[in-house]
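> Any chance you could fold what I've pasted below:
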Amino acid sequence: QVHLIESGGGLAQAGGSLRLSCAASGASFINYTMGWFRRPPGKNHNFVAGIRWRDGTTHYADSVKGRFNISRDMAKNTVYLQMDHLEPEDTADYYCAAIERTTGIIGSWSRWDYGGQGTQVTVSS
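Numbers count the residues shown, from 1 in each chain. I've put the predicted structure just below:
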């Protein structure tokens with residue numbers, strides 16, 4: 001059973017930075033894609049970024065390109081989301097996710113195989 005545990009959320013000012021971590025366990029992730037979603041207050045989950053575990057290929061939502069960076073540490077089985085130049089619109093609960101596929105990016109949260117419990121990010125103006 002795959003387990004994903006997020007950490008690193010909190011409060012930041014606009015223009016600031018936060019780094020989220022996702023500790024993954026329960027599988028060999030070589031054939032997985034890992035991702036981050038976010039759910040703003042009162043809204044649905046939105047895809048933020050994804051990374052193919054095998055070779056580190058990344059994909060980003062247009063809204064975060066140039067500001068956020070997803071990476072993975074294969075030795076620690078951990079995925080990171082570095083968030084810079086934060087904006088109030090980035091305020092949301094952030095969720096780590098995993099899907100056992102290595103081609104394409106699935107933008108729908110419900111189609112991913114596993115998801116974490118989430119960590120809250122609040123950006124003040």
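
> now the residue nearest the centre of the chain: how far from residue 48?
Closest residue to the average C-alpha location of the chain: residue 36 at 2.0 Å, with CA atoms, centre = their mean. From residue 36 over to residue 48 the distance is 4 Å, taken as CB to CB, to the nearest Å. (C-beta placed from N, C-alpha, C; glycine too.)

> hey, what's in contact with both of these two?
In terms of CB atoms under 8 Å, 6 or more residues apart in numbering, residue 36 and residue 48 are both contacted by the residues 81, 94.

> Excluding chain neighbours, give the residue nearest to residue 50 in space.
Excluding the flanking residues, the one nearest residue 50 by CB to CB, 6 or more residues apart in numbering is residue 35, at 3.9 Å.

> Distance of residue 39 relative to residue 120?
If you go by CB to CB, the gap between residue 39 and residue 120 works out to 10 Å.

> Next up, the contacts around the residue lying closest to residue 38 once chain neighbours are set aside.
Nearest residue to residue 38, sequence neighbours excluded (CB to CB, 6+ apart): residue 92, at 3.8 Å. Contact analysis of residue 92 by CB under 8 Å, 6+ apart lists 38, 39, 40, 41, 46, 120, 121.
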